[in-house]
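*Asks:* Need coordinates for the below:
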Amino acid sequence: MDEHKLNKTDAEWREALSEEQYRVLREQGTERAFAGAYHDAKALGIYRCAGCGQALFHSQHKFDSGTGWPSYFQPVHAEAVETEVDDSLGAVRTEVHCSRCEGHLGHVFPDGPKPTGQRYCINSVSLTLDEG
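*Replies:* Okay, the predicted model is just below:
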């Protein structure tokens, strides 16, 4: 895991990301439920940040939450993600973002399975999968 923050200008992010990736990662957008590439993926591997490549989630920690977004009960390392309060839609939620590039990934909820009880509900467009 890279301990250094990745800082790019807005123009650099727009050049590096697709329009949809930019909307989600840089503008805190959300993809439609059941529309993302990874909501029902079963392949083994490491899910990385689509913005910077940092390892975020392992496929062994993925579960079917029925929500239409890929869900994980824990990140690869606690330091891989950071959280902050999000009250943008009139409800208080906990936003999850990449600790390296600060790209928006999704939200975490306290209704996940054991052993953590957490459900990291993540946008597929915020991720890439290194299979293996």
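
*Asks:* from the chain's centre, how far out does the helix or strand bottoming out on mean pLDDT in the chain sit?
*Replies:* Least confident helix or strand, the chain: strand 81-86 with a mean of 94, by mean pLDDT, DSSP states H and E. Taking C-alpha atoms, centre = their mean, to the nearest Å, one finds strand 81-86 lying 11 Å from the centre of the chain it belongs to.

*Asks:* Touching, Val76 and Ser59? I think so.
*Replies:* No. Contact criterion C-beta atoms under 8 Å: Val76 and Ser59 do not qualify, at 10.4 Å. For every residue, glycine as well, the C-beta is placed using N, CA and C.

*Asks:* Mind listing the shared neighbours of those two?
*Replies:* Residues touching both Val76 and Ser59 by C-beta atoms under 8 Å, 6 or more residues apart in numbering: Ile46.

*Asks:* Is Phe57 in a helix, a strand, or coil?
*Replies:* Per DSSP: H, G, I helix; E, B strand; the rest coil, the local secondary structure of Phe57 is strand.

*Asks:* hang on, the earlier thing: show me which residues of the helix or strand following the least confident helix or strand of the chain are buried.
*Replies:* Per DSSP states H and E, strand 81-86 leads on to strand 93-98 as the next helix or strand towards the C-terminus. Neighbour-count burial for strand 93-98 flags Arg93, Glu95, Val96, His97, Cys98 (criterion: 16 or more other C-beta atoms under 10 Å).

*Asks:* Understood, closing this out.
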